[in-house]
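**Student:** just the structure for this:
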Amino acid sequence: MDHKRRKYIYLSNKDFDGTVFQTQVLDWLHLFELHNLEFNLIQAFHIKDLRRPANIKFQLNGIRSKTKLFTGHIYLLPSKNFYYIFNTIVIFFKIFKYFFKYQEILIFSRALIGKEISFLRKISPAKIIFYFDARAASAEENKYMAIKNKSHSINKYKTIAQIYYLEYKTLELADKVFVVSGTLRKYFQETYNTNDQKFILYPCLADANKFCSSSDLRREVRSKLQITKQTKVFIYSGGINSEWHISEKMFSFFNQLLRNKNDVLLLCLTKDETGLEKTLAAFPEIKPKILSFSVPNEEVCKYLNAADYGLLFRENTIMNNVASPTKYAEYILCGLPVLISEGVGDYSNYTLDNDLGFVIKEKEMKNPEQFDFKEVILKEFDREYIAEIGKKFFSKDSIISNLITVFKT
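**Tutor:** This next block holds a predicted model:
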């Protein structure tokens, strides 16, 4: 296929939040561009966002400042009843200028727009190709949050049922389905009987130019933070209070670790200082052993190199069973062994199979005193080996050639 006859559009419904939008959207689009595959980025807002013009302005300014691929934004209604017709018309006129320049228009999006794509194909003078960027099991996420927040109204469960249907329609209409894990592919197959030939593995990988193993960085940062050679440093990079985080169990685990070895330190790289302070109120004894601060994504690598273990704790639920946390790739690329809970996407088993750290069983998450901390304290991992695994399997560059082939075929 002559890709010059095909227009590539990435339709993003992910809020611009700095780090995640950068790593999961912009970094990929820029990497595609380096390989002569240029997408136009269109940002899709929920129509209710019109009530927050300052937030829209912040997001648009943020996106414009980070990429020249941004070509505009649209507002969409919830895709229910006949609202999808309005959405389709909005998308139609946004991409109208491309219809007479290109034979094919490929839309790549994580939005559940199967109904819109179906209608768009009927009214478009160009062939519409749709690749679904499936980052999660959307219905399961909403169900999980409803249970966690004790929101059990009829309307809530109607909404969840609607999301199941939209997810099904999007999977059915997609020409390709990009999935972040093998477990997500299996979930889609078992839940919706999705054709196996549609799936492309597309994990949340990291940039090997930003994340790498460095003994010099390790010495530099440990010296700056006045960390002795004997101190075991554990690091957590990410949010504190989002629905998928289980910070209380992480700090409870660290509290038990302190009872086994006093010369330890926990680095928390997080923007959520308020959430951190609130959670730590229940663990006053560990506060002296915690250093917390926020750093730009470009500087996270320094602190990962300074640490001895990366922490990745999630509840063992379907939402997390199909996940692909970017921080795992960042840890591994920096040669950092991982303490990971059971059932985190493909990564828990991968950690065990490749000697990349330790998997904490669910019963040990609930009762940390059952975990064997002695092995964690005494074991020395081959960080060069871990970093090589990272370069080979967890960097964006490791799969870019295959992705380019998929898009251009």
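**Student:** which residue ranges of the stretch 101-250 of the chain form strands?
**Tutor:** Per DSSP state E, counting those that start in this stretch, the stretch 101-250 of the chain carries strands over the ranges 104-109, 127-134, 176-179, 199-201, 232-237.
**Student:** residue 292: which of those strands is closest?
**Tutor:** Comparison of the strands of the stretch 101-250 of the chain against residue 292 by CB to CB identifies strand 232-237 as nearest, at 9.3 Å. In this view, the C-beta of every residue, glycine as well, is placed from N, C-alpha and C.
**Student:** which other helices and strands contact the closest one?
**Tutor:** helix 247-260, strand 264-269, helix 300-306, strand 309-312 (3 or more CB pairs under 8 Å, 6 or more residues apart in numbering; DSSP states H and E).
**Student:** domain-wise, how is the protein divided?
**Tutor:** As assigned by automatic domain parsing, the chain contains the domains 3-205+396-408, 215-393.
**Student:** could you dump those domains into a markdown table with mean neighbour count and mean pLDDT added?
**Tutor:** Listed next are the domains of the chain as a markdown table, based on neighbours: other CB atoms under 10 Å; pLDDT from 0 to 100:
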| stretch | mean neighbour count | mean pLDDT |
| --- | --- | --- |
| domain 3-205+396-408 | 17 | 94 |
| domain 215-393 | 18 | 91 |
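**Student:** now the helices and strands packed on strand 232-237 in JSON lines, with distance to residue 377?
**Tutor:** Putting those into JSON lines (distance: least, CB to CB, whole Å) gives the following:
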{"stretch": "helix 247-260", "distance to residue 377": "7"}
{"stretch": "strand 264-269", "distance to residue 377": "8"}
{"stretch": "helix 300-306", "distance to residue 377": "18"}
{"stretch": "strand 309-312", "distance to residue 377": "10"}
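**Student:** now do the same contact list for the nearest residue to residue 132 once chain neighbours are set aside.
**Tutor:** With sequence-adjacent residues excluded and distances taken as CB to CB, 6 or more residues apart in numbering, residue 132 is closest to residue 174, at 3.9 Å. By CB atoms under 8 Å, 6 or more residues apart in numbering, residue 174 lies in contact with 114, 117, 130-132, 198.
**Student:** of all the strands of the stretch 101-250 of the chain, which one is nearest residue 25?
**Tutor:** strand 127-134 (9.1 Å).
**Student:** then stretch 338-348 to CSV, C-alphas only?
**Tutor:** Extracted in CSV, the C-alpha atoms of stretch 338-348 (Å, rounded to 0.1, in the frame of the first residue of the first chain):
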residue,chain,number,x,y,z
VAL,A,338,10.8,-5.4,40.8
LEU,A,339,8.7,-6.3,43.8
ILE,A,340,5.3,-6.9,42.1
SER,A,341,2.0,-8.2,43.3
GLU,A,342,0.2,-11.2,41.8
GLY,A,343,-1.9,-10.8,38.7
VAL,A,344,-0.5,-7.6,37.1
GLY,A,345,-1.1,-8.1,33.4
ASP,A,346,1.6,-10.3,31.8
TYR,A,347,4.3,-8.9,34.1
SER,A,348,3.9,-10.9,37.4
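**Student:** which outside residues touch that stretch?
**Tutor:** Outside stretch 338-348, the residues that touch it by CB under 8 Å, 6+ apart are 180-184, 203, 234, 309-317, 320-325, 328, 331-332, 351, 356-362, 365, 376.
**Student:** with stretch 137-145 instead?
**Tutor:** For stretch 137-145, the surrounding residues in contact (CB under 8 Å, 6+ apart) are 112, 151, 159-160, 163-164, 166-167, 184, 187-188, 191, 243, 317-319, 322.
**Student:** likewise for stretch 294-309?
**Tutor:** Outside stretch 294-309, the residues that reach it (CB under 8 Å, 6+ apart) are 18-19, 22-23, 210-215, 217-218, 220-222, 225, 227, 232-235, 237, 267, 269-271, 273, 310, 330-331, 334-339, 357, 376.
**Student:** now swap in stretch 47-59 and tell me
**Tutor:** Stretch 47-59 has contacts (CB under 8 Å, 6+ apart) with 15-16, 43, 45, 73, 75-77.
**Student:** in which helix or strand does residue 61 reside?
**Tutor:** Element membership for residue 61, per DSSP states H and E: helix 53-66.
**Student:** just how off-centre is that helix within its chain?
**Tutor:** 21 Å (CA atoms, centre = their mean, to the nearest Å).
**Student:** partner strands of the next helix or strand after that helix and their direction?
**Tutor:** The first helix or strand that comes after helix 53-66 along the chain, using DSSP H and E, is strand 70-76. Sheet partners assigned to strand 70-76 using DSSP bridges are listed as strand 39-46 (parallel).
**Student:** and the partner strand with helix 53-66, angle?
**Tutor:** Going by axes from the mean of the first three to the mean of the last three CA atoms, to 10 degrees, strand 39-46 is angled at 170 degrees with respect to helix 53-66.
**Student:** residue 239: what's it in contact with?
**Tutor:** 245, 270-272, 275.
**Student:** looking at those, which is nearest residue 35?
**Tutor:** residue 271 (32.0 Å).
**Student:** so what's residue 121 closest to, chain neighbours aside?
**Tutor:** Nearest residue to residue 121, sequence neighbours excluded (CB to CB, 6+ apart): residue 128, at 4.7 Å.
**Student:** quick one: stretch 12-19 to chain centroid distance?
**Tutor:** 11 Å.
**Student:** between the two ends of that stretch, what distance do you get?
**Tutor:** Length of stretch 12-19, first residue to last, CA to CA, to the nearest Å: 15 Å.
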